[in-house]
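K.L.:
Just the structure for this:
(2 chains)
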There are 2 protein chains.
Amino acid sequence: MKKLLCLTFVLTTIFVKTNAQSASFIEDSIAIKQISDITLPNTVAYENLRFLCKKIGHRLSGSIGAEKAVQATFNMLKQAGADTVYLQPCMVTHWVRGVGEQAFIFVNGKKQPLTFTSLGNSEGTNNKWVQAPIVEVKSMSQLHTLGNAVKGKIVFFNIEMNQQYVSTGRAYGEAGIGRRAGAAQAAKYGAIAAIVRSLSTSNDDNPHTGTMAYNDSFPKIPAIAISTNQSNEISKQLKQGANVSVQFKSNCKMLPKAKSYNVIGEIKGSTLPKEILTIGGHLDSWDLAEGAQDDGAGCVQSIDVIRAIKQAGLQPQRTIRAVMFMNEENGSGGAAAYLENAEKQQEQLIFAIETDGGGFTPRGFGLDMALDKKEKIRSWAKLFYPYGVYDFTGVGSGADIDDLKKLGTAVAGLSVDGQRYFDLHHSKLDTFEQVNRRELNLGTINMAALLWLISKYGL
Amino acid sequence: MKKLLCLTFVLTTIFVKTNAQSASFIEDSIAIKQISDITLPNTVAYENLRFLCKKIGHRLSGSIGAEKAVQATFNMLKQAGADTVYLQPCMVTHWVRGVGEQAFIFVNGKKQPLTFTSLGNSEGTNNKWVQAPIVEVKSMSQLHTLGNAVKGKIVFFNIEMNQQYVSTGRAYGEAGIGRRAGAAQAAKYGAIAAIVRSLSTSNDDNPHTGTMAYNDSFPKIPAIAISTNQSNEISKQLKQGANVSVQFKSNCKMLPKAKSYNVIGEIKGSTLPKEILTIGGHLDSWDLAEGAQDDGAGCVQSIDVIRAIKQAGLQPQRTIRAVMFMNEENGSGGAAAYLENAEKQQEQLIFAIETDGGGFTPRGFGLDMALDKKEKIRSWAKLFYPYGVYDFTGVGSGADIDDLKKLGTAVAGLSVDGQRYFDLHHSKLDTFEQVNRRELNLGTINMAALLWLISKYGL
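P.N.:
From the prediction side, this is the model:
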């Protein structure tokens, strides 16, 4: 590439010109430009993420990694210049994978090794081999049609993400029913285990884990995930009339709940400190990789919002609070503690935003709040345009803050360019190397800008 | 991530509703949806790119790789279903790197190996060692101020890309003056070589090549690039008062021009076949990696536009022509031949678009044409919104089609999310693995949609 498309520059110029009439627009533009100029060339958030990923590694709730990450992000918030940094105790799910996951597949009697991952919160086989023929279903309703025909079998939920959707999140939500509820439903009909097709947008050999839930009315059968390539291969064999059975053993199990913490840092508001704006990501991550995009990125961005506002010399009128939520992936213990504490303390949580779609280039904000509040935020749209955010039509926030709506909190989420996310998500591919420094920083800039505006104008 | 932001779905719904009044809007929406549904889950373009990258490798003009790529894309266009596929002869720059690039740096006499790459089109040292103290400049004007003080020295153009710009392309354009013109200007003052800081948005150890040009009035001194990390280190040493000199040898040289080809495939227009819409990328690439993002992506997208339109059963009224331009990187021989042929044949090239910013998620179109034509394209904006394209304010097209403006052609470029591009660009990192299948396909979809609309409504 030699010639250039100076798109953003042009946009900036246009907006500065057409909005010249508004003094507050110019003032706000300047504040956001300060945040951007400080943040975009910076390596602080990126290096914080490198530390979480490379020095600590995975941070599954209850693990040593999670414990280390609590201390590390506490220190990062201090270094970011937060006025107050503290830990908020919470009780978290403590599921462990154990060691010795092993599986074989038999196609017409021919034995081959099979790569898999136990699903989060699943029971294991207690190191005993489990073996049965597999029965493929392409949807939950197909399982219900089969009913007791799956008795004694292993149900293979081969539910593909719909690649025709532009929104990968939508495809994930729909196809995820097999992972979330497959084992519980299969157990209802007497199946002895569930295998799910990994929720991935890529055809590759990596199994993706993720949380599942049992139904207390039915047996807790083990649930595992296999790769998309392997799923396609098994499906092909079954279509050709082959006898396919799977043998596997695992040692995952659920332990009693463990004590852990949300990590919180605040810039105290100057005139209305009791009105609190929350920004958060989740600190826990799955154990197959480093939890870089999910959701180390959201954590270091939240910390960096504090740094950016402090370093720009901006003094918010309302309190800005960064929260590293613990236990989002498999229990929401951190979210529950945050809500409970807010209720107890009668906190005025006027706004909360979570970023948990990866540290990719931002495109918009999902807004879940009353229409007048949405309209207020949308009235600032032009301020974000030079930084790549143009879309304020989405809905939805994040798993850790959604329940704050009970308190009347207006909640939001950062919408990012999500095409790559589910290639990596919950698999061994979710590593630091997949995160781009500038994309990460653009997310920080836009969230800091939004928080700055709400801290100034309220909501 | 568990909760979802179904942004695009919401947007689609909104637009389908608010535009229900227009029959042509619905018809066009359906056509574009057909293109998208066929293309987004597809692996054809991605596998074509894998072939170009992994089976052929780099495709520098005049190389065996370039020759193989001509044949390969000819076949791909046939497979895509083009009505006509042909080769258009052109004369291309034939620069070769040779083997045996080697360098050392001496800091206060202490010798260390130095990694570098010769710049494209540069003269080499004919395998002889060249050694001199280095003089750092941070801008071209600083060189002019130093003037003859650089005589006998090696000028080190340590011009950083401005990381405060949201547009990486803008930063590249500005900082690129050292690479493009540094050697010519340094030679004017008697310098014996030029070293440039790599044009990269990342701090790493990879040198990035790229084309340079001499000024015939001054000696043709060798020009090389070193990594950003190495540049920072040298700058630090110089600031501390160290004596720094560099010794290097190289064997790159310019050979006589070589014969090569643009590769062209067409869908013939049904009612106005003489009105031609061009879509193109460039087939040649630098020799340090695989030319995946630059610009293998643009080539396979252009081919895939033909496939998508054919496979959707859409019959354009005007001719759609995909062109793999040869020699964009260091000579524009392919572009010259395309223009010359169009003039000779009096072709009606009413529109041309090039994609050469990487196969990243598209965000908009740069438009370089009369205002009424821009307005016509902008009137279709809502049709693109569900596929991620929202921005029609950019200007600029592509190096291979820009001169078509002489013929009155309206030219455009695909604007993509460019945050990652210059980390990879012209370096050994530009490999197939950096390209995401869905991002690539979204580019195809939006360009196919634009071509379809222009083929239907004219411009």
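K.L.:
can we go C-alpha only for contacts and neighbour counts from here?
P.N.:
Noted.
K.L.:
and the stretch 51-200 of chain A, which residues reach chain B?
P.N.:
Where the stretch 51-200 of chain A comes near chain B, counting by Cα under 8 Å from any Cα of the partner chain, the residues are A:163, A:164, A:165, A:166, A:167, A:169, A:170, A:173.
K.L.:
Local confidence estimate at the nearest residue to residue A:268 once chain neighbours are set aside?
P.N.:
Distances taken as Cα to Cα, 6 or more residues apart in numbering or on different chains place residue A:319 nearest to residue A:268, at 4.6 Å, with adjacent residues excluded. pLDDT for residue A:319: 98.
K.L.:
Assess the claim that residue A:319 and residue A:271 are in contact.
P.N.:
No. Counting by Cα atoms under 8 Å, residue A:271 is not a contact partner of residue A:319; they are 9.1 Å apart.
K.L.:
Which residue of the two possesses the greater neighbour count?
P.N.:
Shown here are residue A:319 and residue A:271; by other Cα atoms under 10 Å in any protein chain shown, residue A:319 has more neighbours (23 against 13).
K.L.:
sec struct for that one, please.
P.N.:
Here residue A:319 is recorded as strand under DSSP: H, G, I helix; E, B strand; the rest coil.
K.L.:
who does it bridge with?
P.N.:
Beta bridges link residue A:319 to residue A:276 when assigned by DSSP bridges.
K.L.:
what sits against it?
P.N.:
For residue A:319, the contacting residues are A:266, A:267, A:268, A:269, A:270, A:272, A:273, A:274, A:275, A:276, A:277, A:455, by Cα atoms under 8 Å, 6 or more residues apart in numbering or on different chains.
K.L.:
distance of residue A:127 from residue B:327?
P.N.:
61 Å (Cα to Cα, to the nearest Å).
K.L.:
Between these two, point out the one with more neighbours.
P.N.:
residue B:327 (30 against 16).
K.L.:
on that earlier part again, now the contacts of residue A:319: which count as buried?
P.N.:
Taking 16 or more other Cα atoms under 10 Å in any protein chain shown as the criterion, what is buried in those is A:266, A:267, A:268, A:269, A:273, A:274, A:275, A:276, A:277, A:455.
K.L.:
In contact with the fifth one, which residues?
P.N.:
Translated: residue A:273. Counting by Cα under 8 Å, 6+ apart, residue A:273 makes contact with A:317, A:318, A:319.
K.L.:
May I have the phi/psi pair for the first one?
P.N.:
The one in question is residue A:317. With angles defined as degrees, to the nearest 10, residue A:317 sits at phi -80, psi -30.
K.L.:
Give me the neighbour count for it.
P.N.:
Quick note: residue A:317 (other Cα under 10 Å) scores 21 neighbours.
K.L.:
isn't it right up against residue A:276?
P.N.:
No. Contact criterion Cα under 8 Å: residue A:317 and residue A:276 do not qualify, at 10.0 Å.
K.L.:
On the three-state scheme, residue A:256 is what?
P.N.:
Residue A:256 ends up strand, using three-state DSSP.
K.L.:
Check residue A:301 too.
P.N.:
Three-state assignment for residue A:301 (three-state DSSP): helix.
K.L.:
which residues does it contact?
P.N.:
Contacts for residue A:301 (Cα under 8 Å, 6+ apart) come out as A:45, A:440, A:441, A:443, A:444.
K.L.:
Out of these, the closest to residue A:365 would be?
P.N.:
Distance to residue A:365 across the contacts of residue A:301 (Cα to Cα) is lowest for residue A:443, with 10.6 Å.
K.L.:
any idea which element the closest one lies in?
P.N.:
Assignment of secondary structure by DSSP states H and E places residue A:443 within helix A:437-457.
K.L.:
buried sites along that helix?
P.N.:
Buried residues in helix A:437-457, counted by 16+ other Cα under 10 Å: A:437-456.
K.L.:
Number of residues surrounding the closest residue to chain B within the stretch 301-450 of chain A?
P.N.:
The stretch 301-450 of chain A approaches chain B most closely through residue A:394 (4.4 Å), counting by Cα to the nearest Cα. Residue A:394 has 22 neighbouring residues, counting by other Cα under 10 Å.
K.L.:
The one 3 residues further on now?
P.N.:
Using other Cα under 10 Å, residue A:397 has 27 other residues around it.
K.L.:
Looks like it contacts residue A:410 (just checking).
P.N.:
No. Residue A:397 lies out of contact with residue A:410 (Cα under 8 Å); the separation is 9.5 Å.
K.L.:
which residues touch residue A:72?
P.N.:
When contacts are counted by Cα under 8 Å, 6+ apart, residue A:72 is found next to residue A:52.
K.L.:
what helix or strand is it on?
P.N.:
Assigned by DSSP H and E, residue A:72 falls in helix A:64-80.
K.L.:
Show me the contact partners of the helix or strand just after that helix.
P.N.:
Downstream of helix A:64-80, the first helix or strand assigned by DSSP H and E is strand A:84-96. By Cα under 8 Å, 6+ apart, the surrounding residues in contact with strand A:84-96 are A:61-63, A:74, A:77-78, A:120-121, A:252-268, A:326-327, A:330-334, A:336-338.
K.L.:
So what are the sheet partners of the next helix or strand after strand A:84-96 and their directions?
P.N.:
Sequence order places strand A:102-107 as the next helix or strand after strand A:84-96, per DSSP H and E. Counting by DSSP bridges, the strands paired with strand A:102-107 are strand A:110-113 (antiparallel), strand A:244-249 (antiparallel).
K.L.:
mind giving me TSV with those and columns for distance to residue B:186 and mean pLDDT?
P.N.:
As requested, the strands paired with strand A:102-107 are exported to TSV (distance: least, Cα to Cα, whole Å; pLDDT from 0 to 100):
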stretch	distance to residue B:186	mean pLDDT
strand A:110-113	63	98
strand A:244-249	68	98
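K.L.:
Deepest in the core, which of those strands is it.
P.N.:
The highest mean neighbour count among the strands paired with strand A:102-107, using mean count of other Cα atoms under 10 Å in any protein chain shown, belongs to strand A:244-249: a mean of 21.
K.L.:
picking that back up, dump the residues of the stretch 51-200 of chain A next to chain B to a markdown table, plus neighbour count, pLDDT and secondary structure.
P.N.:
Below are those laid out as a markdown table (neighbours: other Cα atoms under 10 Å in any protein chain shown; pLDDT from 0 to 100; DSSP: H, G, I helix; E, B strand; the rest coil):
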| residue | neighbour count | pLDDT | secondary structure |
| --- | --- | --- | --- |
| A:163 | 20 | 97 | coil |
| A:164 | 17 | 98 | coil |
| A:165 | 19 | 98 | coil |
| A:166 | 25 | 98 | coil |
| A:167 | 22 | 97 | coil |
| A:169 | 24 | 97 | helix |
| A:170 | 21 | 97 | helix |
| A:173 | 16 | 97 | helix |
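K.L.:
Where does residue A:422 sit, in terms of helix or strand?
P.N.:
Secondary structure from DSSP H and E places residue A:422 in helix A:421-424.
K.L.:
what's the helix or strand containing residue A:366 in contact with?
P.N.:
Residue A:366 is part of strand A:362-368 when elements are defined by DSSP H and E. Residues from elsewhere that reach strand A:362-368 (Cα under 8 Å, 6+ apart): A:374, A:388-397, A:410-417, A:439, A:442-443, A:446, B:5, B:7.
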